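Visitor: Model the following, please.
(2 chains, ligands or ions: 1)
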Amino acid sequence: MTAFDRKLPSPDRPLFQVQGLSKYYGSRIGCADVSFDLYPGEVLGIVGESGSGKSTLLSCLAGHMAPDTGRVIFDTAEGPRDTVTMGEAERRRLARTDWAYVHQNPRDGLRMGVSAGGNVGERLMAVGARHYGNIRDKANDWLGRVEIAADRIDDRPRAFSGGMQQRLQIARNLVTGPRLVFMDEPTGGLDVSVQARLLDLLRGLVREMGLSAIIVTHDLAVVRLLADRLMVMKGGHVVEQGLTDQVLDDPQHAYTQLLVSSVLQV
Amino acid sequence: MTAQDYNFAYLDEQTKRMIRRAILKGVAVPGYQVPFASREMPMPYGWGTGGVQVTAACLTPDDTLKVIDQGADDTTNAVSIRKFFQRTAAVAVTEATAEATIIQTRHRIPEAALTEGQILVYQVPIPEPLRFLEPRETETRKMHELEEYGLMHVKLYEDIARHGHIATAYAYPVKVEGRYVMDPSPIPRFDNPKLSDCPAIQLFGAGREQRIYALPPYTRVVSLDFEDHPFEASKAPHDCDLCGASDSYLDEVITDDEGGRMFVCSDTDFCRGRVAAGHIGRLGAPDLAQEAAE
Ligand SMILES: [Zn+2]
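Guide: Prediction:
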């Protein structure tokens, strides 16, 4: 089963290249010697249990944490650049333009004291939008795309359900049309029925926008639905990677087999 | 106590030197908040201890000091600061804006145009314009460093979303020389245009927050806004009832318990000067005005 059919651009070079990335906490391994390429329009799932190194890896990829070794190369407007060695100003600019980051807990990714419209508009204003009417129109449009009623635009996210907060966080991230989205357990902490709706929404947006994304999760159902390719991590190492369906339907590594069988038992 | 019990202007020379260094750095980097080691002053925070320390560091025996609070020279706060410097520095004091070499102010910029050689010292309660949306100090510092000011417009966006227009009436954020976003202290936004291209040196002191920032003479200061909601320096749509001024910032004064009210210039020196020159407002007493003019 494929997640869905999507026309990938025929790119001559990867959007994102990770080479020999390692991060240690003292003598303890965070993640070790991770390498992969991500092509435009591709969605990569990173799965593993807690402590597998997947969260450390995502933090290093998104520039929230500096790796000890390795390169994280992004195909910027000026060509491929190592985001590990670029200046902080440039990396932060990337984080609010070409990149987006969806936190597991919407409280970490939203401004709880700012209205839904203001939350969505912030990235627009951060890149120089100065026309209130246009910002509001765009916020309205995006609230609609994540199925939040237009009359909630001036409400603060505190008044929203967990699922709505997460959808608002997604709108806030996607409004500027980022080229690469990092997601950390985007459906974690939500009820099963709410999860399903969010997954459908994400799948629609990924397809519609041709998003490139890296999704970290412990939930194989999430990657089954969203990811083109899969990386399985254990103890800081990548133990298996490949096309999602191949990995899930015919796991080669004993640990992956265990993961897949345990999800089947659920 | 007598003047001899204090060093000139209360602070010791070491401390004044430290504050002057912060001021010079502030003047060199307009709009940038310079940390300084704020000293205990013989008055509580909230009474302008930041402004008092800046004034103390700038005063020389030849200076003439004016102190205003909300435009008035005669409020408790203004009187006590003026007395403090008379006692500790024995400097001349005045209520006339044009005669002053240093003016310490809370919440207003004088109506009379300032001139080269004058220093305007603002008392600042909260120097960080980004604070209300981003409480983390490390993060706001980083935002200033990297010119990440989108958040300021989020505040103005919220204003318009809630009120239909930019309702921020005081401490209206500005951008200095196209670089730093700055809180002009809680002056009414009516005063914002006077911040820009001003011949006087403008110094801002926040005591509790231990920050000093500055605008050197003729600095370009722009109030933030949206293309479709441009900045407006608004004021009450009245003329001064005493002096008839149509272009000054007005206070509304309740005159009796039957709803009677009048609008008068908040800058008392400015108003008095106009009355003395023969201008008369709706409720101005012509005989008094004539007397004052003679
Ligand atoms: Zn008047």
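Visitor: how about the strand or helix carrying residue A:101 against chain B, any contact?
Guide: Per DSSP states H and E: residue A:101 is located in strand A:99-102. No - if you take C-beta under 8 Å from any C-beta of the partner chain as the test, strand A:99-102 misses chain B, and the best it gets is 14.6 Å. For the C-beta atoms, the positions are set from N, CA and C on the backbone; glycine is no exception.
Visitor: Which secondary structure elements does that strand sit against?
Guide: Other elements packing on strand A:99-102 under the criterion 3 or more C-beta pairs under 8 Å, 6 or more residues apart in numbering or on different chains; DSSP states H and E are helix A:162-174, strand A:180-184.
Visitor: Longest helix of the chain, counting residues only.
Guide: This is for chain A. Counting by DSSP state H, the longest helix found in chain A is helix A:192-209.
Visitor: nope, chain B
Guide: Chain B, longest helix under DSSP H: helix B:13-28.
Visitor: quick one: contacts of whichever helix or strand comes after that helix?
Guide: For helix B:13-28, the succeeding helix or strand toward the C-terminus, using DSSP H and E, is strand B:34-35. Strand B:34-35 has contacts (C-beta atoms under 8 Å, 6 or more residues apart in numbering or on different chains) with B:22, B:23, B:25, B:26, B:210, B:211, B:212, B:213.
Visitor: who in chain A is up against chain B?
Guide: Counting by C-beta under 8 Å from any C-beta, chain A sits next to chain B at A:88-89, A:92-93, A:96, A:111, A:113-115, A:117-118, A:121-123, A:125-127, A:129-133, A:135-136, A:153-154.
Visitor: Report the buried members of those.
Guide: A:92-93, A:96, A:111, A:114-115, A:117-118, A:121-123, A:125-126, A:129-130, A:132, A:135-136, A:153 (16 or more other C-beta atoms under 10 Å in any protein chain shown).
Visitor: Break down the chain into its strands, ranges please.
Guide: No chain specified, so I'll use chain A. In chain A, the segments counted as strands under DSSP state E are A:16-25, A:28-38, A:43-47, A:69-76, A:79-82, A:99-102, A:180-184, A:212-217, A:229-234, A:237-243.
Visitor: Let me rephrase: I mean chain B.
Guide: B:34-35, B:64-69, B:92-93, B:102-106, B:119-123, B:174-176, B:180-182, B:201-206, B:211-215, B:221-223, B:250-254, B:261-265.
Visitor: and those strands as JSON lines, adding mean neighbour count and distance to the ion?
Guide: Formatted as JSON lines, those follow (neighbours: other C-beta atoms under 10 Å in any protein chain shown; distance: least, C-beta to the ion, whole Å):
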{"stretch": "strand B:34-35", "mean neighbour count": "16", "distance to the ion": "37"}
{"stretch": "strand B:64-69", "mean neighbour count": "24", "distance to the ion": "15"}
{"stretch": "strand B:92-93", "mean neighbour count": "15", "distance to the ion": "22"}
{"stretch": "strand B:102-106", "mean neighbour count": "25", "distance to the ion": "18"}
{"stretch": "strand B:119-123", "mean neighbour count": "26", "distance to the ion": "21"}
{"stretch": "strand B:174-176", "mean neighbour count": "22", "distance to the ion": "26"}
{"stretch": "strand B:180-182", "mean neighbour count": "21", "distance to the ion": "29"}
{"stretch": "strand B:201-206", "mean neighbour count": "27", "distance to the ion": "24"}
{"stretch": "strand B:211-215", "mean neighbour count": "28", "distance to the ion": "27"}
{"stretch": "strand B:221-223", "mean neighbour count": "19", "distance to the ion": "25"}
{"stretch": "strand B:250-254", "mean neighbour count": "15", "distance to the ion": "8"}
{"stretch": "strand B:261-265", "mean neighbour count": "19", "distance to the ion": "3"}
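Visitor: Spit out the contact partners of residue A:22.
Guide: Per C-beta under 8 Å, 6+ apart, neighbours of residue A:22: A:29, A:30, A:31, A:32, A:33, A:34, A:67, A:68, A:69, A:70.
Visitor: make it 6 Å
Guide: A:32, A:33, A:68, A:69, A:70 (C-beta atoms under 6 Å, 6 or more residues apart in numbering or on different chains).
Visitor: What parts of chain B come near chain A?
Guide: Selection of chain B residues close to chain A by C-beta under 6 Å from any C-beta of the partner chain yields B:146, B:150, B:153, B:154, B:157, B:158, B:160, B:161, B:226, B:227, B:228, B:229.
Visitor: Drop anything exposed from those residues.
Guide: B:150, B:153, B:154, B:157, B:158, B:160, B:161, B:226, B:229.
Visitor: Wait, the third one touches residue A:120, no?
Guide: No - with contacts defined as C-beta atoms under 6 Å, residue B:154 does not count as touching residue A:120, sitting 10.5 Å away.
Visitor: circling back to that earlier point, out of the residues of chain B next to chain A, which sit inside helices?
Guide: B:150, B:153, B:154, B:157, B:158, B:160, B:161.
Visitor: While we're on the first one, how confident is the model there?
Guide: Just to be clear, that refers to residue B:150. Turning to residue B:150, the model gives it a pLDDT of 93.
Visitor: And for the last one?
Guide: If you check residue B:161, the pLDDT there is 97.
Visitor: separation between it and the ion?
Guide: Per C-beta to the ion, to the nearest Å, residue B:161 is found 36 Å from the ion.
Visitor: Same question for the first one.
Guide: Distance of residue B:150 to the ion, computed by C-beta to the ion: 41 Å.
Visitor: Could you do the fifth one as well?
Guide: Noted for residue B:158: a distance of 35 Å to the ion, by C-beta to the ion.
Visitor: circling back: for the helices and strands packed on strand A:99-102, give me JSON lines that also has distance to residue A:76.
Guide: Formatted as JSON lines, these follow (distance: least, C-beta to C-beta, whole Å):
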{"stretch": "helix A:162-174", "distance to residue A:76": "19"}
{"stretch": "strand A:180-184", "distance to residue A:76": "11"}
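Visitor: Dump the strands of chain B to TSV, plus mean pLDDT and distance to residue A:198.
Guide: Shown next, in TSV, are the strands of chain B (pLDDT from 0 to 100; distance: least, C-beta to C-beta, whole Å):
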stretch	mean pLDDT	distance to residue A:198
strand B:34-35	98	45
strand B:64-69	98	55
strand B:92-93	98	67
strand B:102-106	98	52
strand B:119-123	98	50
strand B:174-176	98	39
strand B:180-182	98	36
strand B:201-206	98	45
strand B:211-215	98	44
strand B:221-223	98	41
strand B:250-254	93	53
strand B:261-265	94	56
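Visitor: For those strands, give me CSV that also has distance to residue A:260.
Guide: Output for these, formatted as CSV (distance: least, C-beta to C-beta, whole Å):
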stretch, distance to residue A:260
strand B:34-35, 56
strand B:64-69, 73
strand B:92-93, 84
strand B:102-106, 69
strand B:119-123, 66
strand B:174-176, 56
strand B:180-182, 53
strand B:201-206, 60
strand B:211-215, 58
strand B:221-223, 60
strand B:250-254, 74
strand B:261-265, 77
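Visitor: Out of these, which is closest to residue A:55?
Guide: When the strands of chain B are compared by C-beta to C-beta, strand B:180-182 sits nearest residue A:55, at 34.3 Å.
Visitor: Can you give the distance of that closest one from its chain's centre?
Guide: How far strand B:180-182 lies from its chain's middle: 16 Å, per C-alpha atoms, centre = their mean, to the nearest Å.
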